[in-house]
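Participant: pasted the sequence and its predicted model underneath.
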Amino acid sequence: MSELVEKVLEVLKIDDEPPFPYYFERALTHSSYANERGVQSYERLEFLGDSIVGFVIAHQTFKNFESMPEGDMAKIKAVVGSEPVLCEVSKEIELSTLVMIGKSLKSSTDDMESIFADIFESTMAAVFLNYGFDTAYSIISKLLVKKIKAVTEKRIFFDYKTTLQEYTQEHFGTLPEYMLVKESGPAHKKTYTFEVKVNGEIYGQGRGRSKKSAEQMAAKVALRRMSKL
């Protein structure tokens, strides 16, 4: 078992040796590193992990908030499973320190938040493939239950677009404009980059795995620039 796998297990507080340790190594291998070394990246694992993490969030919300309507549960699932939250969790448990990236990315940190979110999902898929669903469910629940609670208590709030719109209407007498400036990645896993302008001036740029999330991140940057966050 490699030192990297030992570190992952330590981060996740898993004592049992994995039968398929290579899944953990792959879960932390970004495509930039994989292309340079001729190995597999985390992308297939991330695809699987996305569904596993989404199910746990949905079930925890369904179980713990019995009177909550479907629309509100969908919002909680979207926020807790979003790039900013999963990136934050990855950093909190220091999983983010273990990701392997290639030389082409080491000079730029533009995409790191997306990568940190991805490796959370790919690592949870590796847990599932090594230890089964019950273990994966338990770990994901422990790591995300506080985030679910924070969203229900409105302590995590990501409707930056509405906040920016209200602010620009009041102070500039106009609405922000969003423009798609970049689209990258395969069809099943695209990354979008949006700019937001106010009175023709660029106030922020954001990336996301959907157009809506990219716009939200652009609005967040704009609000920070305006010192409203």
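Facilitator: That came through fine. Numbers count the residues shown, from 1 in each chain.
Participant: switch to C-alpha atoms for all contacts and neighbour counts from now on
Facilitator: Will do.
Participant: what is the helix or strand where Val181 lies packed up against?
Facilitator: Assessed by DSSP states H and E, Val181 sits inside strand 177-184. Secondary-structure packing of strand 177-184 (3 or more Cα pairs under 8 Å, 6 or more residues apart in numbering; DSSP states H and E): strand 191-198.
Participant: so for the strand it packs on, mean pLDDT?
Facilitator: Strand 191-198 carries an average pLDDT of 93.
Participant: the strand holding Val181 pairs with which strands, and in what direction?
Facilitator: strand 191-198 (antiparallel) (DSSP bridges).
Participant: mind listing what the residue positioned nearest the centre of the chain touches?
Facilitator: Nearest to the geometric centre of the chain sits Glu83, at 2.3 Å (Cα atoms, centre = their mean). By Cα atoms under 8 Å, 6 or more residues apart in numbering, the contact set of Glu83 is Glu113, Ser114, Ala117, Asp118, Gly208, Arg209.
Participant: now the residue nearest to the fourth one when sequence neighbours are not counted: how far from Lys197?
Facilitator: Spatial nearest neighbour of Asp118, chain neighbours left out: Glu46 (6.0 Å); criterion: Cα to Cα, 6 or more residues apart in numbering. Counting by Cα to Cα, to the nearest Å, the gap between Glu46 and Lys197 amounts to 33 Å.
Participant: these two - which one has more neighbours?
Facilitator: Counted by other Cα atoms under 10 Å, Glu46 and Lys197 do not tie: Glu46 has more neighbours, with 23 against 19.
Participant: chain center to the host helix or strand of that one: distance?
Facilitator: Element membership for Glu46 (DSSP H and E) is helix 43-64. Computed by Cα atoms, centre = their mean, to the nearest Å, the chain-centroid distance of helix 43-64 equals 12 Å.
Participant: and the next helix or strand past the worst-scoring helix or strand of the chain on mean pLDDT?
Facilitator: Lowest on mean pLDDT, DSSP states H and E among the helices and strands of the chain sits helix 103-106, with a mean of 72. Next helix or strand after helix 103-106 toward the C-terminus (DSSP H and E): helix 112-131.
Participant: check the gap between the nearest residue to Thr152 once chain neighbours are set aside and Thr174 for me.
Facilitator: The spatial neighbour of Thr152 that comes closest, neighbours along the chain excluded (Cα to Cα, 6+ apart), is Ile76 at 7.2 Å. According to Cα to Cα, Ile76 and Thr174 sit 30 Å apart.
Participant: who's more crowded, these two?
Facilitator: Taking other Cα under 10 Å, Ile76 and Thr174 do not tie; Ile76 has more neighbours (22 against 14).
Participant: helices and strands around the helix or strand encompassing that one, which ones?
Facilitator: Using DSSP H and E, the element containing Ile76 is helix 70-80. Counting by 3+ Cα pairs under 8 Å, 6+ apart, the packing neighbours recorded for helix 70-80 are helix 43-64, helix 133-152.
Participant: may I see the buried residues of that helix?
Facilitator: Across helix 70-80, burial judged by 16 or more other Cα atoms under 10 Å covers Met73, Ile76, Lys77, Val79, Val80.
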